[in-house]
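Engineer: need a structure here:
(2 chains)
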Amino acid sequence: MEILTPKRLSFNGKGGDLFVILIVNWLLTVVTLGIYYPWAKVRRLQYFYEHSELDAHPFHFHGTGREMFIGFIKAVLLFGALYGVFILLVMQQEAWAIITAYILFFGAFLLLTPLIIHGTYRYRMSRSSWRGIHFGYRGSLKELYTIFIRDGLLTLITFGIYGAWFQMNLRSYVLGHVRFGNSRFAYQGDGLEYFVLNLKGYLLTLVTLGIYAFWWQRDLFAYYVDHLRWDHGDRGSIKFRSTATGGGFFGLLVGNFFLVLFTLGIGLAWAHVRTMRFVLSNIDLAGDADLDKITQTEQEHRDATADELGDIMDIGIFL
Amino acid sequence: MTPRAYPATFYDGKTSKPHEALVALPGHNVLEVRVGPERFMWPLEEKGMGWERNNELVRITFGDHPRRVVISRDKDFIKAFVSGMGRSGRRGAYDRALSVARVALVLFLFAVVGLLVFGYFYAIPWGAERMALLLPKTLDEKLGKTVMGSMALGMDEDSACSALLQRFGDRLDLGHEFDLQFHVVESDQVNAFALPGGQIVVYTGILDLMDGPDQLAALLAHEATHVEERHSTRMLVRQIAGYLFISLLLGDVNGVAAIVAEHGDDIRSMSFSRELESDADLQGMRALHAAGQDPHGMVRLLGLLDEASADVPQAFEFLSSHPMTTDRITAAEELAEVLGADGTRNGPDPAMAALFQAIRNEQGVDR
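Structural biologist: Have a look, this model is predicted:
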C-alpha cells in the first residue's frame, strides 16, 4: 500500500475580504427590501466554501442566486400562508379557533422540521463539491419522519431524557446517508454516552458558574467529530479526530464575543473567520483511503426551498 | 508564436484525482487546457462555460454536470483571463462589484446608513403613532384586562380600599372616554400604574405618603391621562415597530447583535416614556382644572415623592423610571401658576375629603 501524506483541513479566508462581502450583501439586502437575500447568501456561502480546503484543494458551492431565490419565494409564501391562517383563526376570538390555530401552527412547525432537514441536505450536499466530485444525500424522507415521530414521542414521555438518543439517531441517520461520489460518511454516536456527557457538562457548568461551558463545548465538538468516519469500501477509510481544547474554545468564544460587541457588530466577519479557522484546523484526518480514487456518482438537485425554510425557522445543518 | 502557458489544476469530473495542467489563452474566446499529452480547447462563449474568481484563484468550469474544472492560482493568468472576459462582456460579479468606484460605494453606504438612522428615529415612530391611533379602543380594554388578569394572581388587592378608591375616582370624574377601574394593592412600593383601557393600580405605599385628597386626585389624574392618551398602546406599537425595523436590518446576524438591538431599543423607549410621564402630569393637571379641582395637588404630590425618594431611593419606582423629577416639578409649578388663579373654584370637595379619610382609616384597620 502506498504511503499517503496526512490530509489536512484548513480555512484561509480573511476577515477583511469577508467583511467587504458582508457589508455589500447587507447594503443590497436593505436597499432591495430583502429581495437580494438569496444572492447574498450564495455569496457568503461561496466565500466560506472556496476558502475551506482539504489537502490544499478548495471546496466549492454550486448554488446560484436564482435557484435560491425561487426557493426563498416558495418558503416565504408558505410561511405567509401559515401565518395568515394563524392570524385569521386567532382573530375569531373563539376558544376553539384559538386552540385550532395553535395546534395547526406548532403542528406545522413540527411536521416541517424533518422535511426541512431532508430538503436542506439534499440541496446543500448536491451543490457542494471538492476536486470536481459532488456530495449527495441519499436519506429517505419516510425514514426520517419515522425517526422523528418515534423518538419525538419517546422524548416526550421520558421528559426529554430520550432527547440525547434522539439527537444521536438523527445524526447517525442523516450523516450516514451523506455521499461523496462513491464514498460515504458514517456517524456512530451512542445515546447513553451523549446523555452522560451532557449531564456532566450541565452539572459542572452549574457548579463552576459557567466556566466549564467551554470544556463542555470541547467535549460536544469532540463527540461529533470523533465518531464520524469517511468510508471508501475496501479502498479504506478516514477517521476524524478533534484536537480542540477547552482553552481553545474559551479563547475563540470569548474573543468573538468581545470582537462583535466592542465593534457593534462590525467585527462579525472576523469572528466568522476565527470560528472557521478554529473548527477546520482542529479536525484531524487519519486513515488509508486514497482521496484520488473517488468517482462521481451523485446527481444534481436544485430545489432550495427547504434551505430557505430552514433559514426562516433557524434550523442549521451539521456537517 | 506560442501563447504563454500558466500552471493550473484540472479535475475531470469523473474521479477525484487532480491533474497538473497548463492553461493558455491562444486566441479570442478560447481557453487551451493541456493535461499530460492531452489538449482541450474550450470555447469561452459557450453557455456551458462558467467562471468565478476571488482574491486567490480563478475557477473555470466546462460542460454539464459532471463538469470539468480548471483552477489556477497564477496571478498573471487571472489578470489575463479576467481582462479577456471583460472585453467579451462577460465580467463576473466580483469584478463588477470591484469596478464600482470605492468612493461611490462609501458615499452610498453613508447615504443608506443616514436614511436608516432617520427612519429609525423619526419615520418609524411617526408611522407607529399613526398606526396606534387607528387601532380600536376596544383593543386597549382587552389588552388591559388580559394583563390585569395575569398580574392579579401576584398582587394582594385590598378590595374594601379598592371600592372606596373607585368611589373617589367616580366622584373626581375627569370626563374620560374609557371606563376607569381602580385597584388598591398592598405593597410598600411607592408606585402606581395604569394599564391600557382603564385599569389603574395604586400601591398602599404611595397612599401612605399623601396628606390630602388633592394629591390622590392628582395621582389619579396622572394615571387617567396615560389611559386616555393610550400611552401604553402607542409605546407598544412603537416598540414593536422599532424592534422589527432593527431585526430586519440585522437580518440573520447572530444572538449578540439581537441583544444589542433589543437593549438599544429599550434605551430609546425609556426617553419616550419620560416624555409621556411629563405629558401625563400636565394633561392631568388640565383635566383637574377643567373638573374644578386644584391642579396644585400635582405639584404637592411630586414634591412629596421627590422628598421621600431622597431617603429610600431604590423603593421609589414611580420616580425611578423618570429621573428628571426636578424638571417635572418645575413644569408642573409653571402650569399651576397659569391655571392656579382660580384653581379651586368649587372649593375642596367634602365628599372626596371624606372618602380619602375613609381610605386612610381602612388602611389603618388593615395594619
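Engineer: mind listing the strands for chain A?
Structural biologist: Along chain A, counting by DSSP state E, strands occupy A:9-11, A:52-54, A:57-61, A:128-130, A:133-137, A:178-180, A:183-187, A:228-231, A:237-242, A:283-287.
Engineer: buried ones in the first one, by neighbour count?
Structural biologist: Read that as strand A:9-11. Buried residues in strand A:9-11, defined by neighbour count with 16 or more other Cβ atoms under 10 Å in any protein chain shown: A:9, A:11. To be clear about C-beta, it is placed using only N, CA and C from the backbone, and glycine gets the same treatment.
Engineer: pull the helix or strand where residue B:219 lies out as CSV, backbone CA atoms only.
Structural biologist: Element membership for residue B:219, per DSSP states H and E: helix B:213-228. Extracted as CSV, the C-alpha positions of helix B:213-228 are listed here (Å, rounded to 0.1, in the frame of the first residue of the first chain):
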residue,chain,number,x,y,z
PRO,B,213,-57.3,64.3,48.8
ASP,B,214,-55.8,66.8,46.3
GLN,B,215,-52.7,64.6,45.9
LEU,B,216,-54.7,61.5,45.4
ALA,B,217,-56.8,63.3,42.8
ALA,B,218,-53.6,64.4,41.1
LEU,B,219,-52.2,60.9,41.1
LEU,B,220,-55.5,59.5,39.6
ALA,B,221,-55.5,62.4,37.0
HIS,B,222,-51.9,61.5,36.1
GLU,B,223,-52.7,57.8,35.6
ALA,B,224,-56.0,58.5,33.9
THR,B,225,-54.1,60.6,31.3
HIS,B,226,-51.9,57.6,30.5
VAL,B,227,-55.1,55.6,29.8
GLU,B,228,-56.9,58.4,27.9
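Engineer: give the rounded mean pLDDT of that helix.
Structural biologist: Helix B:213-228 shows a mean pLDDT of 88.
Engineer: run the chain-centre distance for it.
Structural biologist: The gap between the average C-alpha position of helix B:213-228 and the chain average comes to 28 Å, counting by Cα atoms, centre = their mean, to the nearest Å.
Engineer: let me know the angle separating the helix or strand following it from helix B:213-228.
Structural biologist: Next along the chain after helix B:213-228, taking DSSP H and E as the criterion, comes helix B:231-250. In terms of direction (axes from the mean of the first three to the mean of the last three Cα atoms, to 10 degrees), helix B:231-250 departs from helix B:213-228 by 40 degrees.
Engineer: who are the packing partners of helix B:231-250?
Structural biologist: Using 3 or more Cβ pairs under 8 Å, 6 or more residues apart in numbering or on different chains; DSSP states H and E as the contact criterion, the elements in contact with helix B:231-250 are helix B:124-134, helix B:137-152, helix B:255-290.
Engineer: buried ones in it, by neighbour count?
Structural biologist: In helix B:231-250, counting by 16+ other Cβ under 10 Å, buried: B:231-239, B:241-243, B:245-247, B:249-250.
Engineer: which parts of the stretch 51-200 of chain A sit against chain B?
Structural biologist: Selection of the stretch 51-200 of chain A residues close to chain B by Cβ under 8 Å from any Cβ of the partner chain yields A:51, A:57-58, A:60, A:130-134, A:181.
Engineer: for chain B, state which of the residues you listed is nearest.
Structural biologist: residue A:132 (3.2 Å; Cβ to the nearest Cβ).
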